[in-house]
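1. Structure, please.
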Amino acid sequence: METVLEYIAGPTGGMVVAALTMYGGYKLVVVHLLPLAKSWIEAHFEHIDELMEEHKKDREVFQGAIEHLTGRLDKIEDDVAEIKEKL
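-> Here you go, the predicted model:
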């Protein structure tokens, strides 16, 4: 009986405790942390996709505004040229 207690309390017991602790850490990471990280990353990518769509819409509005300003500038240049001809 004493030899069994020596193995349990000695290096063999320590190895068993270390192995169980490592297994518990592995299960914690695999069961809880990886799914949590995966869901966070997926949510992050969805948010980036939304931002890209908003950026695309903003860019279209900006391009439309620039085209409108270009048209107005052309009209102003024509008016200035006409005024210069009259002078």
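2. Next one: Gly10 from Thr3, what distance?
-> Between Gly10 and Thr3 the computed distance is 10 Å (CB to CB, to the nearest Å). The way it works is simple: take the backbone N, C-alpha and C, and place the C-beta from them, glycine included.
3. Of the two, give the one with the bigger neighbour count.
-> The residue with more neighbours, out of Gly10 and Thr3, is Gly10; 11 against 8, by other CB atoms under 10 Å.
4. any idea of the pLDDT on the more buried one?
-> Confidence at Gly10, expressed as pLDDT, is 78.
5. any weak-confidence spans in this structure?
-> 1, 7 (pLDDT under 70).
6. Count the residues that sit near Glu13.
-> No Glu there; residue 13 is Gly. Counted with other CB under 10 Å, the neighbours of Gly13 add up to 13.
7. in which helix or strand would I find it?
-> helix 11-27 (DSSP states H and E).
8. In this protein, where's the longest helix?
-> helix 34-86 (DSSP state H).
9. List phi and psi for Gly10.
-> phi -100, psi -150 (degrees, to the nearest 10).
10. what's the spacing between Val17 and His47?
-> On the measure of CB to CB, Val17 and His47 end up 43 Å apart.
11. Kindly report the same for Pro35.
-> Applying CB to CB to Pro35 and His47 gives a distance of 19 Å.
12. and if you look at Lys56?
-> 15 Å.
13. Now do the helix or strand Glu6 falls within against helix 11-27: the angle between them, please.
-> In this structure, Glu6 sits in helix 2-9 according to DSSP H and E. Here the directions of helix 2-9 and helix 11-27 differ by 30 degrees (axes from the mean of the first three to the mean of the last three CA atoms, to 10 degrees).
14. distance between helix 2-9 and the chain's centre?
-> Mean C-alpha position of helix 2-9 versus that of the full chain (CA atoms, centre = their mean, to the nearest Å) differs by 53 Å.
15. Can you dump the C-alpha atoms of that helix in CSV for me?
-> Written as CSV, here are the backbone C-alpha positions of helix 2-9 (Å, rounded to 0.1, in the frame of the first residue of the first chain):
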residue,chain,number,x,y,z
GLU,A,2,2.9,2.4,0.8
THR,A,3,4.3,1.9,-2.7
VAL,A,4,1.0,2.9,-4.3
LEU,A,5,0.9,6.0,-2.1
GLU,A,6,4.5,6.8,-3.1
TYR,A,7,3.5,6.7,-6.8
ILE,A,8,0.4,8.8,-6.2
ALA,A,9,2.1,11.4,-4.2
